[in-house]
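Student: Sequence and predicted structure, then a few things I'm wondering about:
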Amino acid sequence: QVQLVESGGGLVQAGGSLRVSCAASGLTMSRYFMGWFRQAPGKEREFVGTINWSAGYTYYTDSVKGRFTISRDSAKKMVLLQMDSLKPEDTAIYYCAAHTTVQAMTNPDRVNYWGKGTLVTVSS
């Protein structure tokens, strides 16, 4: 049974930092990209960034480039999202996602597995 469990969300002031984590189980990690999406109130779920588990290369949406960093801990099967210089517009529920194709970055329907999400709130 596949499980993706996020942790680390919370409240932070604008300009601050926060790290969210995702623990994966039941997956053959080398077959997947492990990514993050987010959904703000009243908006559609959008791609944030992802990492190819076996090769380690990353992709980010333009609005977070230079501020967010995705990394992986292979031993713990965890994917980490370090968020720096946070802005109020980063406020959203952040979802961990496992996907086998790059098309999922532009089409969340192509994501294979989702976590339940963790709330990140950035106050101004």
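Tutor: Yes, it's here.
Student: Leaving out the residues flanking it, which one is nearest to Leu119?
Tutor: Gly9 (4.8 Å; C-beta to C-beta, 6 or more residues apart in numbering). The way it works is simple: take the backbone N, C-alpha and C, and place the C-beta from them, glycine included.
Student: What is the neighbour count of the one you found?
Tutor: 18 (other C-beta atoms under 10 Å).
Student: again with Cys22
Tutor: 25.
Student: do the same with Gly10
Tutor: Neighbour tally, Gly10, other C-beta under 10 Å: 11.
Student: Tell me the bridge partners for the residue nearest to it when sequence neighbours are not counted.
Tutor: Leaving aside its sequence neighbours, Gly10 sits nearest to Leu18 (C-beta to C-beta, 6+ apart; 6.5 Å). Counting by DSSP bridges, Leu18 forms beta bridges with Met83.
Student: what sits against the residue nearest to Leu119?
Tutor: Neighbour list for Gly9: 18, 20, 94, 118-120 [criterion: C-beta atoms under 8 Å, 6 or more residues apart in numbering].
Student: which among the residues you listed gets closest to Thr101?
Tutor: Using C-beta to C-beta, Tyr94 is the member of the contacts of Gly9 that lies nearest Thr101, at 21.1 Å.
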